[in-house]
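> Provided below are the primary sequence and the corresponding predicted coordinates.
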Amino acid sequence: MANHEHLTLLKSSIADWNEWREKNAQIKVNLMQAELEGFNLKGANLKGANLSWANLKGANLKAINLQGATLGWANFSGANLEQANLTQVNCINTNFRQVNFWKANLSSANLSRAILIRTHLYQTNLSRANLSQSYLSDANLSEANLSDVNLSRANLSRANLSNTNLTNANLSDANLTNANLTNANLSDADLTNANLTGVNLESATLTGAIMPDGRKNLEFRI
């Protein structure tokens with residue numbers, strides 16, 4: 001359960017909360033199972049906080065600092081997380097359905113088995129993130145940075161990956177059915193056993209990529 005004092009202060013004033021966090025950076029914030037649906041937490045400092053099982057459905061979390069936070073099994077569906085700092089967060093099994101992540105930083109985040117269906121990840125930084133077995137069907141990842149990302153066994157069916165940086169990405173066993181990969185950079189990516197049925201690879205770069213049949217592509221484009 002959430003710490004009552006932490007939750008009360010956070011709900012009362014973001015300015016007061018951030019001032020308190022600055023003075024008490026050593027305190028581990030406990031917001032487990034917190035009920036924050038629809039709240040305006042824009043710009044809040046929740047670095048390292050525990051938000052496991054919390055409900056933030058539809059919340060305004062623009063420019064929030066969640067660096068290193070624990071968000072496992074939390075519900076963020078429909079929330080606004082644009083320009084948020086989510087570096088190194090732990091988001092196993094977290095619900096991010098239809099969330100706005102425009103220009104958010106999720107580098108080195110653990111998003112294994114996370115739900116990101118119809119999520120807006122345009123120009124998002126997901127470099128070195130773990131998205132294994134995640135659900136990204138119909139997501140918009142256009143112009144996102146997915147370099148060195150782990151997308152093994154992820155569901156990317158119908159996802160928009162146009163102009164996306166996927167260099168050295170692990171896409172082994174991923175479902176890319178009907179995905180849009182036009183002008184994507186897949187240099188040195190691993191597509192072993194990936195399902196490319198109906199995928200659009202027009203003008204995509206695949207130099208050094210390991211194709212579904214296990215062979216390495218030596219051409220610049222296909």
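On my side now, so go ahead.
> C-alpha only now, for contacts and for neighbours.
Will do.
> what is the neighbour count of Ile27?
Neighbour count for Ile27, taken as other C-alpha atoms under 10 Å: 10.
> wait, I meant His4
When neighbours are defined as other C-alpha under 10 Å, His4 has 12 of them.
> again, but for Leu7
18.
> for Ala74, see how far away it is.
Note on Leu7: its distance to Ala74, by C-alpha to C-alpha, to the nearest Å, is 16 Å.
> same question for Asn60.
Taking C-alpha to C-alpha as the measure, Asn60 falls 15 Å from Ala74.
> of those two, which one has the most company?
Ala74 (24 against 21).
> shouldn't that one be in contact with Glu37?
No. Here Ala74 lies out of contact with Glu37, judged by C-alpha atoms under 8 Å, at a distance of 11.2 Å.
> and for these two, which residues touch both?
Residues touching both Ala74 and Glu37 by C-alpha atoms under 8 Å, 6 or more residues apart in numbering: Asn55, Leu56.
> look at the most centrally placed residue in the chain and report its pLDDT.
A centroid search over the chain (C-alpha atoms, centre = their mean) returns Leu106, at 5.7 Å, as the residue closest to the centre. The predicted local confidence for Leu106 comes out at a pLDDT of 98.
> one more: Glu219?
At Glu219 the predicted local distance difference test score is 55.
> can you give me the helices in the chain?
Assigned by DSSP state H, the chain shows helices spanning 4-12, 14-23.
> and these as JSON lines, adding distance to Lys47 and mean pLDDT?
Output for the helices of the chain, formatted as JSON lines (distance: least, C-alpha to C-alpha, whole Å; pLDDT from 0 to 100):
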{"stretch": "helix 4-12", "distance to Lys47": "13", "mean pLDDT": "96"}
{"stretch": "helix 14-23", "distance to Lys47": "9", "mean pLDDT": "97"}
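> same list (those) but as CSV, adding distance to Leu206.
Below are these laid out as CSV (distance: least, C-alpha to C-alpha, whole Å):
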stretch, distance to Leu206
helix 4-12, 47
helix 14-23, 46
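> who wins for proximity to Cys91 among the ones you listed?
Each of those has some distance to Cys91 by C-alpha to C-alpha; the shortest is helix 4-12, at 20.5 Å.
> what does the closest one rub up against?
Contacts of helix 4-12 with the rest of the structure, by C-alpha under 8 Å, 6+ apart, involve Asp16, Trp17, Val29, Asn30, Leu31, Ala34, Phe39.
> try 10 Å
2, 15-18, 20, 28-32, 34-36, 39-41, 44-46 (C-alpha atoms under 10 Å, 6 or more residues apart in numbering).
> the residue nearest to the centre of the chain and Ser134: what is the separation?
When distances are taken as C-alpha to C-alpha, Leu106 and Ser134 turn out to be 14 Å apart.
> would you mind naming the residues that bridge with the closest residue to Asn3 other than its chain neighbours?
Leaving out its chain neighbours, the residue that sits closest to Asn3 by C-alpha to C-alpha, 6 or more residues apart in numbering is Asn30, at 5.5 Å. Applying DSSP bridges to Asn30 yields these beta-bridge partners: Asn50.
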